[in-house]
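Novice: quick one: sequence and predicted model below, then my questions.
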Amino acid sequence: MNVQLIDLENFEARLADKFERYQLRYKITHADLAWILLRIGTSYYFKDICSRGLDGNAVLPGNGGYK
């Protein structure tokens, strides 16, 4: 459990460092980042909605669709 927490802390530190470098290099503002994350989240949400049948259950690929 401690190893996982250390790995998560290291990952968080590396991610923050990379974000700072990209932010300085490409002049990314927090509003730009929020817009990007909103677009990604919205696309995943619509993909999830569109992959469901009319009854709300997921339609798995390869099972022939609706029965």
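Specialist: Yep, it's here.

Novice: which parts of the lengthiest helix in the chain are buried?
Specialist: Secondary structure of the chain read by DSSP state H shows that its longest helix is helix 2-26. By neighbour count on 16 or more other Cβ atoms under 10 Å, the buried set for helix 2-26 is empty. Backbone N, C-alpha and C define where each C-beta goes, glycine included.

Novice: distance between it and the chain's centre?
Specialist: 16 Å (Cα atoms, centre = their mean, to the nearest Å).

Novice: for this protein, what are the low-confidence residue spans?
Specialist: Where the chain drops to pLDDT under 70, the residues are 1-5, 53-67.

Novice: if we use 80, what do you get?
Specialist: 1-6, 8, 47-67 (pLDDT under 80).

Novice: what angle do whichever strand or helix holds residue 49 and helix 2-26 make?
Specialist: Element membership for residue 49 (DSSP states H and E) is helix 30-50. Helix 30-50 and helix 2-26 are oriented at 120 degrees to each other (axes from the mean of the first three to the mean of the last three Cα atoms, to 10 degrees).

Novice: just the CA coordinates of helix 30-50, formatted as CSV?
Specialist: C-alpha atoms of helix 30-50 as CSV (Å, rounded to 0.1, in the frame of the first residue of the first chain):
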residue,chain,number,x,y,z
HIS,A,30,-5.7,27.5,-17.1
ALA,A,31,-8.8,28.5,-19.2
ASP,A,32,-7.2,26.7,-22.2
LEU,A,33,-6.6,23.6,-20.1
ALA,A,34,-10.2,23.7,-18.7
TRP,A,35,-11.6,23.9,-22.2
ILE,A,36,-9.5,21.0,-23.4
LEU,A,37,-10.5,18.8,-20.4
LEU,A,38,-14.2,19.8,-21.0
ARG,A,39,-14.0,18.8,-24.6
ILE,A,40,-12.4,15.5,-23.7
GLY,A,41,-14.9,14.8,-21.0
THR,A,42,-17.9,15.7,-23.2
SER,A,43,-16.7,13.4,-26.0
TYR,A,44,-16.3,10.5,-23.6
TYR,A,45,-19.8,11.2,-22.2
PHE,A,46,-21.4,11.3,-25.6
LYS,A,47,-19.5,8.2,-26.7
ASP,A,48,-20.9,6.4,-23.6
ILE,A,49,-24.5,7.6,-24.3
CYS,A,50,-24.3,6.6,-28.0
